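**Q** based on what follows, work out the 3D shape:
(chains A and B)
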Amino acid sequence: MSLLEVEGLHVAYGDLEVVKGISFKVEQGEIVTVLGSNGAGKTTTLRSLAGLLPAAAGQIVYDGQRIGGLPAHAIANMGLALVPEGRQLFPEHTVLENLELGGYRLLRAGARAEFDREVGKVFELFPRIKERLHQPAGLLSGGEQQMVAIGRALVSKPRLLLLDEPSLGLAPILVRSIFDAFVALRQQGITTLLVEQMAWIGLEVCDRAYVLESGVIVTSGTKAEVTSNARVVEAYLGKV
Amino acid sequence: MRRLGRGLPWLLLLLASLAPLLVEGTYFRYLGIIVFIYGIVAVGLNVLAGYAGQFSLGHAALMAMGAYSTAILSKALAPLPFFAATGLHIWLGIVLGTCVAAAFGALLAFPALRVRGPYLAMVTIAFGWVIFKILQEWVSVTGGDLGLASIPKAQIGPWELSTREYYYVVLAFFALSLVLQRRIVESPFGMRLRAMKHSEIGIASVGINVYRLKVTVFIVSAAFAGFGGALFAHQQNYVSPDNFQFFSSVFFLLAILFGGAGTLSGPVIGAAVLTLLPEFLHDFDKYRLIVYGSFILLTLYFLPNGVMGMFRRPQGRATPKIDAEPAQDASRDMAASRGASLELRAISRTFGGVAAVREASFKIEAGAVHALIGPNGAGKTTIINLITGFYRASSGEILLDGAPLNVSSMDGAARLGIARTFQTIKLFGEMTVLEHVLVGVSSSSRAGFWSALLSGGRGGPKQDGDIATARELIRCVGLGGYEEVPASTLAYGHRRLLEIARALAVKPRVLLLDEPAAGLVAEEIAALGAVIRRLKNTGMTIVLVEHHMDLVIKVSDRITVVDHGTVIAEGSPADVQRDARVVAAYLGPSHVAA
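**A** Next up is the predicted model:
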């Protein structure tokens, strides 16, 4: 059974339908990348999976349970963590406090040691965060804030990680290292659904990919299949 | 539905004008007058709170300034035969009351320059309280708790107005204030107010002085309150501090929230319902206020945007038709003049002991595309903030075209032709794409409050020209077709393009772009590259902070690399790509130039 199965998902803002009946699967331990231009409905899809937007129709089954219609916090508690577009940190709280909010579930259960271990892993990934641990998150540079946002999701020990444009604002050298980290996370059993505008790297790390256009899936397949699709190459990979 | 929303208030006004013919009794006319007066005050508060987002709980005190001013003046002048014959003392008093309140509005604006939201509301409560106490204690002028009695009735010429006649006079003033409100809101001035509500930094970036805008809107709002207060004094013929208690201020805010804050006819509905409702609840006797409160509570629970908020256009992302070809000549009249050069000389900026920028020096040639790259936290955005006056440098100097650049605010920099976009997007909420750019285009015309009042809201050759310019800029960045779409529903990458269009609206000589390609896919990045080249061809100087190296390499004439706040390399794209330090600190091994 797939970890995530989406059937005929429709999402609308008011009268306007943005996601028009898409179906896809994410298997346990996979990295699946969703490509598409601005306005295609990628972010809308992720927000709907995380329970931030109601689905107009369709079914979302996560780990054998229908999660469509559940509130966002219930979905997060089931191990589905979203790294939202544009960071959405708590700017007046310190970096550590932001991470603690991400680890809310662990800390509430009294698992401080486990939380510290997770934070340690985040430091390995982003040493820069460690230097800034006690500064208000709002004073960090844009790229540093992005690191904290990813870290905040990771310390919740998610089973399914939803990443909305994780490379946004990161220097090229860091883009490489976070995507290496995603591959490492896969080895730890974390499943990832990735929306990424830097298509070349999004494709490089994935097992399978979907291409979304105007709210419908126009192409899908394994990494090799999608990478060899001429139209995808032209629109999303640029001249290589 | 929307048409109904538009027509409803005028229908109510028409009904109100016929009411005295249908309903007998002075009491109902009196109630009507109160509704209109409260409506006028609510219109003023609506402009301030509903449109500009500055919440005041001190409007009863401003109303008191109007009421007491006209009371004192008209009482003093009434015995003189000239005034008794002409009735001018009444109207002079009303004008004085309006002006005095406006002056106090300017006073009230000062806290608003520092605090906002609930804090501002708190400060205005304190203001109202001080005024209330002064009215109580300054007995020789205000009559203390007893107030001022036998204020002359309104008169036109030698004729004193009956309640019925005064009803029509006040109704006319109310209608006039609604027309004024529409003119203000639909003018460039009103557009700035709505923009300010969402992002003060955003409007400063197009060269608008936020301080002045806030002071002006407080004055305008206070003038409405004072005018309403003055009309009130001549209706009651008696004023006392009790008329202007804290609860009255709450009442006005409640009225606009109930009717729909930020809608043209919200104040009409709010003032009418909240004033008249208690009259219909007499049967409930002692439970009257409970029913009144519950009614308001339930209405706002089910209609959180107020009654008229329900008629507002539904928020939705339109499915626009994108123009395949961006207009080639769109950039034609974009650059006001040739681009300017910039030079940073040993510029530093520290934040509480941490040096974000350390002795950075480099020169940006006029008309060049100059990229600024470097690892995260290197200080790139801080440099942009220093150039645009958002931060003051701790030491060092910046030269614009060889002359020291001395700006301490972003709006000052924008007026010198330095425009920017933001890494963390600063747009104006649900305002449309076209309105965003218009705020920028009209900022240079200095169209202030008076021209809004005189020339009327829409139309006019000037504004038509502005709209045409704005449309061209929107097409130029590749958002053609999205003009009427609320910016809040744009996809992330498109919001960045909109910021560019808004920055172009001020006709910059230097344009600073902070990560414009973030969130764009390859095809869109290529289009952005074309836009940047087109802008360069107009002669504009462009400073580009960006992580997409393919774009940087393609469009830049020169690249400066910063790390830890200092310049570590500089040169042509090819030089920089080969620089070992740059590869180690920033690019990583996969980006080495062939």
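
**Q** what strand or helix carries the closest residue to chain A within chain B?
**A** Among the residues of chain B, B:Asn376 lies closest to chain A, at 2.7 Å counting by Cβ to the nearest Cβ. Where C-beta positions appear, they are placed from N, C-alpha and C, glycine not excepted. Per DSSP states H and E: B:Asn376 is located in neither a helix nor a strand.

**Q** which residue does chain A bring closest to chain B?
**A** For chain A, Cβ to the nearest Cβ, closest residue to chain B: A:Gly143, 2.7 Å.

**Q** what's in contact with stretch B:527-542?
**A** The contact list for stretch B:527-542, computed with Cβ atoms under 8 Å, 6 or more residues apart in numbering or on different chains, reads B:326, B:330-332, B:334-335, B:337-342, B:364-370, B:476-478, B:497, B:500, B:504, B:508-513, B:516-517, B:520, B:544, B:551, B:554-555.

**Q** show me which positions of it end up buried.
**A** Neighbour counts over stretch B:527-542 (16 or more other Cβ atoms under 10 Å in any protein chain shown) mark B:Leu528, B:Gly529, B:Val531, B:Ile532, B:Arg534, B:Leu535, B:Lys536, B:Thr538, B:Gly539, B:Met540, B:Thr541, B:Ile542 as buried.

**Q** does the residue of chain B closest to chain A touch A:Glu144 like I think?
**A** Yes - the pair B:Asn376 and A:Glu144 passes the contact test of Cβ atoms under 8 Å, sitting 5.5 Å apart.

**Q** so which residue is smack in the middle of chain A?
**A** A:Leu163 (1.4 Å; Cα atoms, centre = their mean).

**Q** point out the residues in the stretch 451-594 of chain B that sit beside chain A.
**A** B:489-494, B:515, B:518-526, B:547-550, B:585-588, B:590-591 (Cβ under 8 Å from any Cβ of the partner chain).

**Q** B:Leu399 should be in a strand, yeah?
**A** Yes - using DSSP: H, G, I helix; E, B strand; the rest coil, the assignment for B:Leu399 is a strand.

**Q** how near is it to B:Ala366?
**A** For B:Leu399, the distance to B:Ala366 (Cβ to Cβ, to the nearest Å) stands at 12 Å.

**Q** where in chain A is pLDDT low?
**A** Low-confidence segments of chain A (pLDDT under 70): A:238-240.

**Q** regarding it, what is its longest helix?
**A** Looking across chain A with DSSP state H, the single longest helix is helix A:172-187.

**Q** which other helices and strands does that one contact?
**A** strand A:31-35, helix A:112-125, helix A:142-154, strand A:160-164, strand A:191-195, helix A:199-205 (3 or more Cβ pairs under 8 Å, 6 or more residues apart in numbering or on different chains; DSSP states H and E).

**Q** next SSE downstream of the longest one?
**A** By that I understand helix A:112-125. The element immediately downstream of helix A:112-125 (helix or strand, assigned by DSSP H and E) is helix A:127-131.

**Q** could you confirm whether that following helix reaches chain B?
**A** Yes - Helix A:127-131 lies within reach of chain B by Cβ under 8 Å from any Cβ, at A:Arg128.

**Q** for that helix, buried residues please.
**A** Buried, per 16+ other Cβ under 10 Å, within helix A:127-131: A:Arg128, A:Ile129.

**Q** only alpha carbons, please: show it as PDB.
**A** Output of helix A:127-131 as PDB, limited to C-alpha atoms (Å, rounded to 0.1, in the frame of the first residue of the first chain):
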ATOM      1  CA  PRO A 127      26.000  24.400  10.700                       C
ATOM      2  CA  ARG A 128      25.100  28.000  10.100                       C
ATOM      3  CA  ILE A 129      21.900  27.600  12.200                       C
ATOM      4  CA  LYS A 130      23.900  26.600  15.200                       C
ATOM      5  CA  GLU A 131      25.700  29.900  15.200                       C
END
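
**Q** list of residues touching that helix?
**A** Here helix A:127-131 has contacts from A:Val95, A:Val122, A:Phe123, A:Glu144, A:Met147, A:Val148, A:Gly151, B:Asn376, B:Gly377, using Cβ under 8 Å, 6+ apart.

**Q** how is chain A partitioned into domains?
**A** Domain assignment for chain A, taken from automatic domain parsing, gives A:1-79+A:158-166+A:177-240, A:85-157.

**Q** ends of the last one, what's the gap?
**A** Same thing as domain A:85-157. Using Cα to Cα, to the nearest Å, the end-to-end distance of domain A:85-157 comes out at 20 Å.

**Q** next one: that domain to chain centre, how far?
**A** In terms of Cα atoms, centre = their mean, to the nearest Å, the centre of domain A:85-157 is set 16 Å apart from its chain centre.

**Q** again with stretch A:49-67
**A** The answer for stretch A:49-67 is 16 Å, by Cα atoms, centre = their mean.

**Q** just the buried ones from the contacts of helix A:127-131?
**A** A:Val95, A:Val122, A:Glu144, A:Met147, A:Val148, A:Gly151, B:Asn376, B:Gly377.

**Q** show me which pair in these is furthest apart.
**A** A:Val122 and B:Gly377 (16.4 Å; Cβ to Cβ).

**Q** circling back to that earlier point, just the ones of the contacts of stretch B:527-542 in strands?
**A** Counted as lying in strands by DSSP state E, out of these, are B:Leu342, B:Ile364, B:Val369, B:His370, B:Val510, B:Leu511, B:Leu512, B:Leu513, B:Leu544.

**Q** who's in contact with the first one?
**A** This means B:Leu342. B:Lys363, B:Ile364, B:Ile387, B:Ile398, B:Leu399, B:Leu400, B:Leu405, B:Val510, B:Thr541, B:Val543.

**Q** contacting residues for the fourth one?
**A** I take that to be B:Ile398. Counted by Cβ under 8 Å, 6+ apart, B:Ile398 has contacts B:Leu342, B:Glu343, B:Leu344, B:Arg345, B:Ile347, B:Leu386, B:Ile387, B:Pro404, B:Leu405.

**Q** 10 Å - rerun?
**A** Counting by Cβ atoms under 10 Å, 6 or more residues apart in numbering or on different chains, B:Ile398 touches B:342-345, B:347, B:383, B:386-387, B:389, B:404-407, B:418.

**Q** sorry, back to before: which neighbours do B:Asn376 and A:Glu144 have in common?
**A** By Cβ under 10 Å, 6+ apart, the residues touching both B:Asn376 and A:Glu144 are A:Phe126, A:Arg128, A:Gly169, A:Leu170, A:Leu174.

**Q** tally of neighbours for residue 194?
**A** Picked chain A for this. Counted with other Cβ atoms under 10 Å in any protein chain shown, the neighbours of A:Leu194 add up to 27.

**Q** actually, chain B is the one I wanted.
**A** Residues lying near B:Arg194 (other Cβ under 10 Å) number 21.
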